[in-house]
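Participant: Just the structure for this:
(chains A and B)
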Number of protein chains: 2
Amino acid sequence: MKREDLIQQIKVKKSSLCVGLDTDIEKIPQHLRSEPDPVFTFNKAIIDSTADYAVAYKPNLAFYECDGAKGWDTLQKTLEYIPKEIFTIADAKRGDIGNTSEKYAHTFFRHYAFDAVTVAPYMGADSVRPFLGFKNKWVILLALTSNPGSEDFQQLTLADTGERLYENVLKTSRPWGDEGNMMYVVGATQAAHLQKIREIVPGHFLLIPGVGAQGGNLQEVCKYGMNADGGLLINASRSILYAGSGTDFTSKAREEAMKMQSEMADYLEQYAFGPLGV
Amino acid sequence: MKREDLIQQIKVKKSSLCVGLDTDIEKIPQHLRSEPDPVFTFNKAIIDSTADYAVAYKPNLAFYECDGAKGWDTLQKTLEYIPKEIFTIADAKRGDIGNTSEKYAHTFFRHYAFDAVTVAPYMGADSVRPFLGFKNKWVILLALTSNPGSEDFQQLTLADTGERLYENVLKTSRPWGDEGNMMYVVGATQAAHLQKIREIVPGHFLLIPGVGAQGGNLQEVCKYGMNADGGLLINASRSILYAGSGTDFTSKAREEAMKMQSEMADYLEQYAFGPLGV
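Facilitator: Model prediction:
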């Protein structure tokens, strides 16, 4: 997907919402578990009930791989079911030497037709670049993640510049791509760092996990993270998927998605686009 | 697999050889490509012809995922075909927030029955620990990789201690597990750093990719990397898999594996165990 099409969709839906499809067979409503493919049935219902409010869907690969080949079929069916105008992210956290990253890129962009894939930066330029050679496809590089472990290495201070490792990751990786094929992951729990991050990458989109179950603050994220193009995809997974636990799970999920979108609409007017009309 | 069983196998076979199953459908001999599952047919033949010399096999997940669900079936069949006494590594470079790493661990250790999985450290402790909760299963954490991009971040100098990032990764992660459930990836092209690495993790096994196609020097790796338990799994992929390109590919692969094992046998006596007998 092209950057301008993503921005257009954010404006039309007045939403930055990305719904994370971390679908856990043990957490979906009991009445679905006897279906032939319960995870797909659940995903279909979640997509139907949230597509009006979401600009992106993000299947988390771990939740499909854990079922082996069958899980990958479920992933494919889910991806094909997502409406074509909605941005799709393979949350895969891949990254390996060049010829291997090339294969991973082929997997997610060609065998499947995801718009974007999340990539881990530890192995450097030649592990990321192979993902950047596909037209209108995106790398979403881990910068500063939402989990406690983000303090272990990402926040270490470097000798030469006094900057943190994640700042160096942003600066070093910036020239590998551009604002039309790279985004960065910044956890919602890291809102305090967003101003500094926006100084380094003012124009790039940021994928923000950690609002919802992980406790990040939506307004702070929007205030310090949004730019004139919106500039954010804000992910919620568990808080939407498991908003209801019975036959009401679709209406509860829709309600939760609508609630987030409606908050986001205000922030998009306030911090990004100005008045968007009705 | 238990550490002592791995060491025993290294002693019996006089080998530290890990064969990387990075099987590329476009590189396997022409006469196999019309088989129903050419990659599995190829892997089977490679395993048959190298199992006498190899103490580990390491399928590279990228080369299976790129064929979607079908590729994961091939992976499963390959894993099941590997003789039970040989150590198996899922080269997957995974790592994500806790509940997601938990799923990945389940995938590789339970759904499949790999002995070990490679993990990327960027997301810190809670992204690695879930892999360490399985009895006789191993995390192989990326420390200093073999590719040019290893200079981008892994070799950065830290302010507080003046050490490199990869040294900090070794020191910080050491207490997360022990010598019976953690190994580290150190590229063979990084032999100059092996002495320093052995000061930090004298007892841990190291997985060494980069001998062969990537140009690492086997003797240097053994001299500076081996310890009293052998302490190394040295991977070769392309140099064995594609040693021959026609119907002779099995004999060529066997020859290449035997050549490496025979060199390793000398180094194991010289740098690890002393005389091993005939």
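
Participant: low-scoring stretches of the stretch 101-250 of chain A, by residue?
Facilitator: A:213 (pLDDT under 70).

Participant: In stretch A:42-58, which residues are buried?
Facilitator: For stretch A:42-58, burial by neighbour count (16 or more other Cβ atoms under 10 Å in any protein chain shown) applies to A:42-47, A:49-51, A:53-58. Just so you know, the C-beta spots here come from the backbone N, C-alpha and C atoms, and that holds for glycine as well.

Participant: As a check, name the ranges of all helices in the stretch 101-250 of chain A.
Facilitator: Remark: helices assigned in the stretch 101-250 of chain A by DSSP state H, counting those that start in this stretch are A:125-128, A:165-173, A:194-200, A:218-225, A:238-241, A:249-268.

Participant: quick one: which of the ones you listed is nearest chain B?
Facilitator: Across the helices of the stretch 101-250 of chain A, chain B has its closest neighbour in helix A:125-128 (4.3 Å, Cβ to the nearest Cβ).

Participant: Whether that closest one contacts chain B - can you check?
Facilitator: Yes - using Cβ under 8 Å from any Cβ of the partner chain, helix A:125-128 reaches chain B at A:125-128.

Participant: can you list these in JSON lines and add neighbour count?
Facilitator: Output for these, formatted as JSON lines (neighbours: other Cβ atoms under 10 Å in any protein chain shown):
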{"residue": "A:Ala125", "neighbour count": "18"}
{"residue": "A:Asp126", "neighbour count": "18"}
{"residue": "A:Ser127", "neighbour count": "28"}
{"residue": "A:Val128", "neighbour count": "25"}
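
Participant: and of the residues you listed, the nearest to B:Gly95?
Facilitator: A:Ser127 (13.4 Å; Cβ to Cβ).

Participant: Which residues are in contact with the closest one?
Facilitator: Going by Cβ atoms under 8 Å, 6 or more residues apart in numbering or on different chains, A:Ser127 touches A:95-98, A:101, A:119, A:121, B:147, B:149.

Participant: now do 7 Å
Facilitator: A:95-97, A:101, B:147, B:149 (Cβ atoms under 7 Å, 6 or more residues apart in numbering or on different chains).

Participant: To which secondary structure element is A:Ile89 assigned?
Facilitator: Under the criterion of DSSP states H and E, A:Ile89 resides in strand A:87-94.

Participant: these two touch, right, A:Gly71 and A:Asn60?
Facilitator: No - A:Gly71 lies out of contact with A:Asn60 (Cβ atoms under 7 Å); the separation is 11.4 Å.

Participant: Those two - which one has more neighbours?
Facilitator: Comparing A:Gly71 with A:Asn60 by other Cβ atoms under 10 Å in any protein chain shown, the one with more neighbours is A:Asn60, at 26 against 22.

Participant: Find the closest residue to chain B in the stretch 151-278 of chain A.
Facilitator: At 3.3 Å from chain B, A:Asp152 is the closest residue in the stretch 151-278 of chain A, using Cβ to the nearest Cβ.

Participant: Now A:Tyr53: phi and psi?
Facilitator: Here is the backbone geometry of A:Tyr53 (degrees, to the nearest 10): phi -110, psi -10.

Participant: Could you tell me the model confidence score at it?
Facilitator: As predicted, A:Tyr53 sits at a pLDDT of 98.

Participant: Strands of the stretch 101-250 of chain A, start to end?
Facilitator: A:116-119, A:138-144, A:182-186, A:205-208, A:232-236 (DSSP state E, counting those that start in this stretch).

Participant: could you redo the ones you listed as CSV and give each row distance to A:Arg110 and mean neighbour count?
Facilitator: Output for the strands of the stretch 101-250 of chain A, formatted as CSV (distance: least, Cβ to Cβ, whole Å; neighbours: other Cβ atoms under 10 Å in any protein chain shown):
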stretch, distance to A:Arg110, mean neighbour count
strand A:116-119, 12, 27
strand A:138-144, 14, 26
strand A:182-186, 19, 26
strand A:205-208, 22, 26
strand A:232-236, 23, 28
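
Participant: can you redo those as TSV with distance to chain B?
Facilitator: Below are the strands of the stretch 101-250 of chain A laid out as TSV (distance: least, Cβ to the nearest Cβ, whole Å):
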stretch	distance to chain B
strand A:116-119	9
strand A:138-144	6
strand A:182-186	10
strand A:205-208	14
strand A:232-236	12
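
Participant: now those as JSON lines including distance to B:Gly215?
Facilitator: Shown next, in JSON lines, are the strands of the stretch 101-250 of chain A (distance: least, Cβ to Cβ, whole Å):
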{"stretch": "strand A:116-119", "distance to B:Gly215": "25"}
{"stretch": "strand A:138-144", "distance to B:Gly215": "28"}
{"stretch": "strand A:182-186", "distance to B:Gly215": "30"}
{"stretch": "strand A:205-208", "distance to B:Gly215": "37"}
{"stretch": "strand A:232-236", "distance to B:Gly215": "41"}
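
Participant: Could you export the helices of the stretch 101-250 of chain A as a markdown table, including distance to A:Gly20?
Facilitator: Listed next are these as a markdown table, based on distance: least, Cβ to Cβ, whole Å:
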| stretch | distance to A:Gly20 |
| --- | --- |
| helix A:125-128 | 22 |
| helix A:165-173 | 21 |
| helix A:194-200 | 20 |
| helix A:218-225 | 15 |
| helix A:238-241 | 8 |
| helix A:249-268 | 12 |
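
Participant: nearest to B:Pro38, of those helices?
Facilitator: Per Cβ to Cβ, nearest to B:Pro38 of the helices of the stretch 101-250 of chain A: helix A:125-128, 27.5 Å.

Participant: Quickly list what the residue most central in space within chain A is bridged to.
Facilitator: By Cα atoms, centre = their mean, the mean C-alpha position of chain A lies nearest to A:Leu207, the distance being 4.9 Å. When bridges are called by DSSP bridges, A:Leu207 pairs up with A:Val185, A:Leu233.
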